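Asks: what's the 3D shape of this:
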Amino acid sequence: MTYATQATMTERFGSQRLIELTDRAGALDAIDTDVLGRALAFADAMIDGYVGVKYAVPVDPAPAVLVGVAEDIAYYKLHVEAAPEGVSDAYKAAERFLKAVSVGQAVLTGATGAASAATDDGVRISGPERTFSRDTLSGF
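Replies: Next up, the predicted model:
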């Protein structure tokens, strides 16, 4: 499952801009779906890496905020050379948001399910009964 798609990226950034960023050889005069797909896959992996600490991933249905975050990350990744300041700022804001989600400072409205069975209840162990205890050694 991808959070952002070619359609959402085109709607937000425009097809001409995506052609400029993805058609690196200049031969297609169209959006290179492989290049865009790699950027979107990177964004998905980054989101799942952070969000997976608190939520089951992939988050489905994805809250609108995750779609926007995925778009910002993928758009930043499409800039091979230095990204413009606004694009870098959006990427940094997306990363800050994901970090906030991973430590519980931000919540994904509408997302359900816990990330894992891991809890902060402390260490749990299991094994056979103790051979030596206060009761068995009381006579020594």
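Asks: quick one: least confident helix or strand in this protein?
Replies: The weakest-scoring helix or strand in the chain, judged by mean pLDDT, DSSP states H and E, is helix 15-22 (a mean of 94).
Asks: right, and the helix or strand after it?
Replies: Counting by DSSP states H and E, the next helix or strand C-terminal to helix 15-22 is helix 33-51.
Asks: check which helices and strands the helix or strand that comes right after that following helix sits against.
Replies: Counting by DSSP H and E, the next helix or strand C-terminal to helix 33-51 is helix 64-78. When contacts are defined as 3 or more Cβ pairs under 8 Å, 6 or more residues apart in numbering; DSSP states H and E, helix 64-78 sits against helix 6-13, helix 15-22, helix 33-51, helix 85-102. Using the backbone N, CA and C atoms, a C-beta is placed for each residue, glycine as well.
Asks: please repeat the previous calculation with a cut-off of 7 Å.
Replies: If contacts are counted by 3 or more Cβ pairs under 7 Å, 6 or more residues apart in numbering; DSSP states H and E, helix 64-78 sits against helix 6-13, helix 33-51, helix 85-102.
Asks: which of those is buried the deepest?
Replies: Most buried of the helices and strands packed on helix 64-78 by mean neighbour count (mean count of other Cβ atoms under 10 Å) is helix 33-51; its value is a mean of 18.
Asks: packing partners for that helix?
Replies: For helix 33-51, the packing partners by 3+ Cβ pairs under 7 Å, 6+ apart come out as helix 6-13, helix 15-22, helix 64-78, helix 85-102.
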